[in-house]
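Visitor: next input, structure requested:
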Amino acid sequence: MTTASDLQQQRKQRVAMAAIAELSEGMVLGVGTGSTVNAFIDALGPWAQRLAGAVSSSEVSTRKLQALGIAILDLNDIDGLSLYIDGADESNRHLQLIKGGGAALTREKIIAAAAERFVCIVDESKLVDTLGAFPLPVEVIPMARRQVARALATLGCEARYRQGCVTDNGNHILDLHGLHITDAVALETHINQITGVVTVGLFATRPADLLLVGSDSGVQRLTAAR
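Guide: Okay, here's the model as predicted:
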């Protein structure tokens with residue numbers, strides 16, 4: 001019997017294959033983090049020798065890419081990044097995203113900023129009208145965690161420390177519960193200005209350029225007017 005989990009995995013595989021079609025010969029590829037990205041990496045095998053290399057957002061993705069024989073490059077050592085493929089925890093139809101469920105939000109945001117084109121891959125459960133049902137991650141300097149949590153509480157949300165989570169950068173994560181985000185750009189700007197915040201998992205000032213949404217019937221391509 002096909003379970004709901006099986007169907008979700010099929011949607012992720014379907015959208016991962018759609019993302020493969022965005023690749024081009026000899027490019028340096030940015031690769032994100034998460035279960036949908038894992039499906040994308042699993043499909044990258046035939047491209048291992050056709051890519052110039054990859055810039056990875058997490059140690060987990062790095063290991064998976066290296067196992068395929070794909071060279072991992074340092075962003076400081078390359079002149080440009082053509083394409084970044086990553087998932088999201090939520091997306092609206094403006095292609096603004098919540099990311100960071102896997103605690104790689106800072107490196108993901110850096111790579112997204114460096115990329116000429118950002119393609120986000122999700123299954124249809126991640127497409128929402130209003131961001132905020134998924135707790136918004138904020139990466140913080142450890143010594144400032146409680147100070148930042150108090151500042152974030154003034155937004156009318158609950159800032160919960162993600163116990164046992166240390167990012168690849170050695171920092172902590174606060175997850176913001178109870179948000180209903182109507183102005184994602186303003187909220188991203190405000191949170192990033194709080195002393196002790198490394199970055200927030202809102203991708204609104206630099207949203208995706210293309211959203212590929214996997215469903216049981218196929219893959220929908222969404223773009224947003226800039």
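
Visitor: mean confidence score for the longest strand along the chain?
Guide: When the chain is scanned for its longest strand (criterion: DSSP state E), the result is strand 115-123. Taken as a whole, strand 115-123 has a mean pLDDT of 96.

Visitor: just stretch 21-31 next, same as before
Guide: Averaging pLDDT along stretch 21-31 gives 96.

Visitor: then stretch 196-215?
Guide: 97.

Visitor: please write out the alpha-carbon positions of it in CSV.
Guide: Below are the C-alpha coordinates for stretch 196-215, written out as CSV (Å, rounded to 0.1, in the frame of the first residue of the first chain):
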residue,chain,number,x,y,z
GLY,A,196,23.9,39.0,18.2
VAL,A,197,21.9,37.7,15.2
VAL,A,198,24.0,36.1,12.6
THR,A,199,21.1,35.9,10.1
VAL,A,200,17.4,35.0,9.9
GLY,A,201,15.9,32.2,7.8
LEU,A,202,13.7,34.6,5.8
PHE,A,203,14.7,34.8,2.1
ALA,A,204,12.7,37.8,1.1
THR,A,205,15.2,40.5,0.1
ARG,A,206,16.8,37.8,-2.1
PRO,A,207,13.9,35.4,-2.9
ALA,A,208,14.1,32.5,-5.3
ASP,A,209,14.1,33.3,-9.1
LEU,A,210,12.2,30.1,-9.9
LEU,A,211,10.1,27.8,-7.6
LEU,A,212,9.6,24.2,-8.8
VAL,A,213,6.6,22.7,-6.9
GLY,A,214,6.2,18.9,-7.0
SER,A,215,2.7,17.5,-6.9
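
Visitor: gap between it and the chain center?
Guide: Mean C-alpha position of stretch 196-215 versus that of the full chain (Cα atoms, centre = their mean, to the nearest Å) differs by 6 Å.
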